[in-house]
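[1] sharing a sequence plus its predicted fold:
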Amino acid sequence: MGKVIIIGAGGVGTVVANKVAQNNEVFTDIMLASRTKSKCNIIAEDVKRRTGVTIKTAQVDADSVPELVALFREFQPELCINVALPYQDLTIMDACLECGVNYLDTANYEPKDEAKFEYSWQWAYQDRFKEAGLTAILGCGFDPGVTSIFTAYAAKHYFDEIRYLDIVDCNAGDHGKAFATNFNPEINIREVTQKGKYWENGKWIETEPHAIHKPLNYPNIGPKESYVIYHEELESLVKNFPTLKRARFWMTFGQEYLTHLRVIQNIGMARIDEVEYNGQKIVPIQFLKAVLPDPGDLGENYTGETSIGCRIRGIKDGRERTYYVYNNCSHQAAFEETGAQGVSYTTGVPATIGAMMFFQGLWRKPGVFNVEEFNPDPFMEQLNIQGLPWHELFDVDLELEI
Ligand code: NDP
């Protein structure tokens, strides 16, 4: 019996709700809870229409451990899939420990008052989860998530030593809006406006934002200007694969997007501290979120596809080889299947597969783990079955000089 609670009724929560319902031989009892219950109800009705499966819904403020504990005690889930915001990671982990619930998320903890994300806060739960006999699976979206599993799969099957890792993330979709973010604007803008950072020869190298860039060719898409940014999976991957001499993360941005971003920053709308407005305190980036398009509403007219993968260079049998593993995902196909666009889809499907791995006993051990610490093989198999098929290229030009 797979009793699961999903927290967060946004774009990713919509996809997770659909995918767990599609796999109801594994997930036998499903609840979706979020800050706004009406959003859960709309998703649950849509899932019922698409799959015939009934999902229970509930209201919860996931910033409050007592509220979470009360809900967990009532529903008694075995696993909590956290697809709310990174700010809620620790409160949800605390409630899981209090109630004996296992945990899975797609983004590492960020404090609200500091644009900084790192694993230290969640890794600090290692002993408590271990002692409680509970599993916490961290970063099980696409990136982090599938990119980490692609790396583990490459290291397991194709290399004696992986040395150079470049994660390449291209969204060649068009939503027809002048400016919109593909997931929560507050989290997204905090992520892409920070300094660039990559790993080289045992240390982190910091750059100005978007300082390193070049066009890279993406399968079925073509060349796109790609920028080195810091991304959270780099932190755990260099720890878990110590042979890596260099690890970088590249993301494509259009000129229009970067211009808007620069203006938003220059006029102070990306600020995360409180300002006084008409006798009220507001946080500019939160106000901006309220006026930007809701990422969940981009799906209907979204065309084009995403292409995310890992380009790896390393050693096999004493010889150098290259390997490129990737998935392309169509925004339109994602929308038709789940009512959400490709970026939510590529996050929600892996979260569901990670949960499936847990319930099938394949990814279940006491403690706190990043996904690359589990066996990648059954997960890779499910990617092909659940809508995110992957492709491999061997000994090709990775376009990335050593
Ligand atoms: P959305 O903003 O669309 O959805 C977030 C949901 O969480 C909303 O429904 C919101 O409720 C709910 N929520 C926020 N605060 C609380 C709270 N205190 N208590 C209960 N519910 C709350 O975000 P996305 O769906 O786009 O993203 C979800 C998560 O996925 C984020 O953590 C994001 O960082 C991560 N992500 C990971 C990716 C990966 O590849 N690893 C890629 C993309 C996203 P309300 O509707 O009431 O505001």
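    Good, I have the coordinates. The structure displayed is predicted, hence computed values, not measured ones.
[2] any stretches of this structure with poor pLDDT?
    402 (pLDDT under 70).
[3] got the contact list for the residue of the chain found nearest the ligand?
    Minimum separation of the chain from the ligand (C-beta to the nearest ligand atom) falls at residue 10, amounting to 1.8 Å. Any C-beta I mention is one placed from the backbone N, CA and C, and that applies to glycine too. Going by C-beta atoms under 8 Å, 6 or more residues apart in numbering, residue 10 touches 34, 39, 83, 84, 183, 184, 295, 296, 344.
[4] residue 371 too?
    137, 138, 139, 140, 144, 145, 148, 149, 152, 354, 379.
[5] what's the longest helix in this structure?
    When the chain is parsed with DSSP state H, its longest helix is helix 342-359.
[6] can you list the neighbours in contact with the helix or strand following that helix?
    Once helix 342-359 ends, the next helix or strand along the chain (criterion: DSSP states H and E) is strand 367-370. Strand 367-370 is contacted by residues 119, 122-123, 125-126, 129-130, 135-139, 144, 148, 233, 236, 240 when judged by C-beta under 8 Å, 6+ apart.
[7] repeat that for stretch 55-66.
    Contact partners of stretch 55-66, identified using C-beta under 8 Å, 6+ apart, comprise 7-8, 17, 21, 29-37, 40-41, 43-44, 47-48, 67-68, 71, 75, 82, 84, 87-88, 91-92, 94-95, 98.
[8] just say helix, strand or coil for the closest residue in space to residue 245 that isn't next to it in sequence.
    When the adjacent residues along the chain are set aside, residue 245 lies closest to residue 163, with 4.9 Å between them (C-beta to C-beta, 6 or more residues apart in numbering). Here residue 163 is recorded as strand under DSSP: H, G, I helix; E, B strand; the rest coil.
[9] among the contacts of residue 371, which are located in helices?
    Per DSSP H, the subset of the contacts of residue 371 in helices is 148, 149, 152, 354, 379.
[10] out of those, which is most surrounded?
    residue 148 (31 neighbours; other C-beta atoms under 10 Å).
[11] residues near the closest residue in space to it that isn't next to it in sequence, how many?
    Nearest residue to residue 148, sequence neighbours excluded (C-beta to C-beta, 6+ apart): residue 372, at 4.2 Å. Applying other C-beta under 10 Å, we find 24 residues neighbouring residue 372.
[12] mind starting the numbering at 512 from now?
    Yes, from this point I'll number from 512; that puts the last item at residue 883.
[13] ok, residue 689 - contacts?
    Residue 689 touches 767, 771, counting by C-beta under 8 Å, 6+ apart.
[14] err, residue 725, not the other one
    By C-beta under 8 Å, 6+ apart, the contact list for residue 725 reads 736, 737, 910.
[15] find the helix or strand that it is a member of.
    Going by DSSP H and E, residue 725 is part of strand 724-729.
[16] continuing past that strand, what's the next helix or strand?
    Next helix or strand after strand 724-729 toward the C-terminus (DSSP H and E): strand 733-739.
[17] wait, what's in contact with the residue nearest to residue 659?
    Contact analysis of residue 883 by C-beta under 8 Å, 6+ apart lists 659, 660, 662, 663, 747, 748, 751, 752.
[18] could you break the protein into its assigned domains?
    514-649, 657-851+886-905 (automatic domain parsing).
[19] tell me if the longest one is near the ligand.
    Put plainly, it is domain 657-851+886-905. Yes - contact of domain 657-851+886-905 with the ligand (C-beta under 6 Å from any ligand atom) involves 694, 695, 698, 806, 807.
[20] from these, which two are the most distant?
    Spatially, the most separated pair among these is 698 and 807, at 13.9 Å (C-beta to C-beta).
[21] helix, strand or coil for the closest residue to residue 601 other than its chain neighbours?
    Leaving out its chain neighbours, the residue that sits closest to residue 601 by C-beta to C-beta, 6+ apart is residue 620, at 5.6 Å. Following three-state DSSP, residue 620 is assigned to coil.
[22] which helix or strand contains residue 772?
    Element membership for residue 772, per DSSP H and E: helix 766-777.
[23] so the residue nearest to residue 659 versus residue 550, what's the distance?
    To residue 550, residue 883 is 32 Å away according to C-beta to C-beta, to the nearest Å.
[24] who does the most centrally placed residue in the chain form a beta bridge with?
    Centroid check for the chain by C-alpha atoms, centre = their mean gives residue 652 as the closest residue, at 3.5 Å. Beta-bridge partners for residue 652, by DSSP bridges, are residue 656.
[25] now distance to residue 812 too, for the contacts of residue 882, in TSV please.
    Putting these into TSV (distance: C-beta to C-beta, whole Å) gives the following:
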residue	distance to residue 812
648	34
649	34
650	30
651	29
655	29
656	27
659	32
660	31
663	36
865	30
890	32
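[26] next, the buried residues of stretch 559-575.
    Across stretch 559-575, burial judged by 16 or more other C-beta atoms under 10 Å covers 562, 564, 566, 568, 569, 571, 573, 574.
[27] does any part of whatever helix or strand residue 543 lives in sit near the ligand?
    Using DSSP H and E, the element containing residue 543 is strand 540-545. Yes - using C-beta under 6 Å from any ligand atom, strand 540-545 reaches the ligand at residue 545.
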